[in-house]
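Undergrad: return atomic coordinates for the entry below.
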Amino acid sequence: MIKVVVVGGGWAGCAAALAASKAGAQVVLLERTDLLLGTGLVGGIFRNNGRYTAAEEAIAMGGGDLFVAMDANTRHRGIDFPGHSHASFYDVTTMEPLVKRILQNYGIDIKTRARVSGVIKHGKKIQYLTDDNEEIINGDAYVDTTGTTGPMGNCLKYGNGCAMCILRCPTFGPRVSITAKAEIKEIMGKKADGSYGAMSGSCKINKDSLSFELKSQLEKEGMVVIPLPENLKKSGMLGKKACSQYAIADYAENIVLIDTGHAKLMTPFFPLDMLRTIPGLERARYEDPYSGGVGNSIRYLGIAPCDSSLKVDGIDNLFCAGEKSGILVGHTEAVVTGLLAGHNAVRCCLDMQYLELPPELASGDFIRFIHEQMTTEEGIRLRYTFSGSIYFERMKSLGLYSAQRSDIAERINKASLTDIYNTCLV
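TA: Residues are numbered from 1 along each chain as shown. Purely as a prediction, here's the structure:
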């Protein structure tokens with residue numbers, strides 16, 4: 001039986017593991033912390049704007065397990081907030097165990113607290129990996145979904161200092177890039193001012209530290225917009241955010257809170273003494289382990305060079321997904337690329353032609369467009385997402401955006417890709 005090893009248990013890694021298992025491989029998923037989902041443990045937003053289209057494309061192609069799980073664990077749906085329509089918010093406090101059970105039901109071997117320390121190659125192929133305990137992990141193909149954030153030194157060098165973010169580097173050690181360990185030169189994204197990286201776009205406030213009235217409104221309506229006084233408006237921060245779809249005036253001129261189980265504050269950081277001057281936030285406290293009054297983690301510091309099949313350049317049996325595969329933002333984007341990478345890892349083992357999603361699909365155009373843009377100095381300073389900014393505008397102009405499930409399913413059918421991810425290849 002062929003074996004696929006996925007390194008990194010965020011949304012992209014979980015999707016890659018599922019796709020590889022469905023295609024017929026024995027799958028091992030390695031995660032250096034004790035929880036799956038990575039930044040998905042604090043995210044929670046999906047189906048907003050073009051992400052609805054991308055999710056429904058994945059579902060029609062047979063890769064809907066994770067989106068069905070998000071839908072089943074939704075706190076609010078059909079929410080409109082500044083710049084976004086028909087959003088759903090899953091509960092970040094209960095999502096991880098649900099996803100873990102789904103993976104286990106597919107027979108995926110999940111190894112948490114498994115931090116890779118070495119990559120052993122023979123020519124242009126990875127032979128095996130080693131972990132911190134000097135154990136050998138063998139595979140026929142590998143998927144790098146280790147992300148682009150950390151270690152802590154990078155957050156200090158390129159950002160506002162370590163924010164003790166969800167990556168929990170002090171506890172489990174810094175992120176390890178399989179691509180870098182395989183001696184492939186990685187790509188670094190830039191901010192608008194040309195400096196490296198981009199700051200994660202939100203932080204969390206403990207809901208119980210909100211006023212009773214504000215907490216009640218947030219839980220009832222799903223989101224709250226609080227106008228800022230003139231002296232607290234913060235337009236200068238917008239260019240620092242990874243989530244450029246939120247780099248609009250509404251987020252500089254208002255506090256925007258979203259109910260994802262925590263109170264998600266849609267800004268990278270906000271000084272606590274200033275935050276507590278706002279009515280309803282007088283007792284506000286950032287949810288541990290965030291230091292959201294000071295800074296946030298820095299992303300896009302280790303992107304793998306890859307093609308539209310998501311095979312990493314220079315290594316014949318290594319694929320990548322999520323932020324590892326391009327300057328992309330969001331859980332939906334991670335799942336879409338993860339499905340493709342995991343599926344193609346199995347095709348690699350069987351010497352089959354790799355699947356590339358056609359440009360007639362939003363997902364296919366998205367992957368191609370990102371890679372084209374990243375070859376330019378201007379493009380490397382932008383961030384790409386189905387939910388806003390430059391790519392959502394492109395989606396609409398090309399007629400790829402739709403919120404009609406039947407239309408999206410028909411598009412997949414015309415591309416002859418219906419249930420492709422449910423097809424066993426072995």
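Undergrad: list phi and psi for the residue nearest to Asp140 when sequence neighbours are not counted.
TA: Residue nearest to Asp140 in three dimensions, not counting chain neighbours: Cys349, with 4.5 Å by CB to CB, 6 or more residues apart in numbering. Using the backbone N, CA and C atoms, a C-beta is placed for each residue, glycine as well. The phi and psi torsions at Cys349 (degrees, to the nearest 10) take the values phi -70, psi -20.
Undergrad: quick one: low-confidence parts of the protein?
TA: Within the chain, the stretches falling below the threshold (pLDDT under 70) are 161-164, 234-248, 289.
Undergrad: any idea how it splits into domains?
TA: Structural domains assigned to the chain are 3-192+299-422, 198-275, following automatic domain parsing.
Undergrad: end to end, how far does the first one reach?
TA: Put plainly, it is domain 3-192+299-422. Between the opening and closing residues of domain 3-192+299-422 we find a distance of 18 Å, counting by CA to CA, to the nearest Å.
Undergrad: same question for stretch 401-417.
TA: Across stretch 401-417, the straight-line distance between its terminal residues is 18 Å, by CA to CA.
Undergrad: got the buried residues for that stretch?
TA: Within stretch 401-417, the residues that qualify as buried are 401-402, 408-409, 411-412, 415, 417, counting by 16 or more other CB atoms under 10 Å.
Undergrad: identify the farthest-apart pair in those.
TA: Tyr401 and Leu417 (18.5 Å; CB to CB).
Undergrad: just to revisit the earlier point, okay, the buried residues of stretch 401-417 in JSON lines with distance to Ile315 and secondary structure next?
TA: Converted to JSON lines, the buried residues of stretch 401-417 look like this (distance: CB to CB, whole Å; DSSP: H, G, I helix; E, B strand; the rest coil):
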{"residue": "Tyr401", "distance to Ile315": "35", "secondary structure": "coil"}
{"residue": "Ser402", "distance to Ile315": "36", "secondary structure": "coil"}
{"residue": "Ile408", "distance to Ile315": "34", "secondary structure": "helix"}
{"residue": "Ala409", "distance to Ile315": "35", "secondary structure": "helix"}
{"residue": "Arg411", "distance to Ile315": "33", "secondary structure": "helix"}
{"residue": "Ile412", "distance to Ile315": "30", "secondary structure": "helix"}
{"residue": "Ala415", "distance to Ile315": "29", "secondary structure": "coil"}
{"residue": "Leu417", "distance to Ile315": "26", "secondary structure": "coil"}
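Undergrad: ok, those residues vs Asp132, which is closest?
TA: Of all these, Leu417 has the smallest distance to Asp132: 39.8 Å, by CB to CB.
Undergrad: residue ranges of the helices in this structure, please?
TA: Along the chain, the stretches classed as helices by DSSP state H are 11-22, 50-60, 65-72, 95-105, 152-158, 169-172, 178-181, 212-221, 249-253, 272-275, 331-349, 362-373, 389-397, 405-414.
Undergrad: so which of those is the most surrounded?
TA: Of the helices of the chain, the one with the most neighbours on average (mean count of other CB atoms under 10 Å) is helix 11-22, at a mean of 31.
Undergrad: what about that helix, distance to the chain center?
TA: Centroid separation between helix 11-22 and its chain, computed with CA atoms, centre = their mean, to the nearest Å, is 13 Å.
Undergrad: also stretch 297-316?
TA: Put simply, stretch 297-316 sits 14 Å off its chain's centre (CA atoms, centre = their mean).
Undergrad: mind saving the C-alpha coords of stretch 166-175 as PDB?
TA: Only the C-alpha atoms of stretch 166-175 are listed here, as PDB (Å, rounded to 0.1, in the frame of the first residue of the first chain):
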ATOM      1  CA  ILE A 166      -1.800  30.100  18.800                       C
ATOM      2  CA  LEU A 167       1.400  28.500  17.400                       C
ATOM      3  CA  ARG A 168       2.600  28.100  21.000                       C
ATOM      4  CA  CYS A 169       6.300  28.000  20.000                       C
ATOM      5  CA  PRO A 170       7.600  28.300  23.600                       C
ATOM      6  CA  THR A 171       5.800  25.000  24.500                       C
ATOM      7  CA  PHE A 172       6.200  22.900  21.400                       C
ATOM      8  CA  GLY A 173       9.200  24.400  19.600                       C
ATOM      9  CA  PRO A 174       9.300  26.600  16.500                       C
ATOM     10  CA  ARG A 175       7.800  25.600  13.200                       C
END
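Undergrad: ok, Arg168 to Asp351 distance?
TA: Computed with CB to CB, to the nearest Å, the distance linking Arg168 and Asp351 is 40 Å.
Undergrad: between the two, tell me which one has more neighbours.
TA: Taking other CB atoms under 10 Å, Arg168 and Asp351 do not tie; Arg168 has more neighbours (16 against 6).
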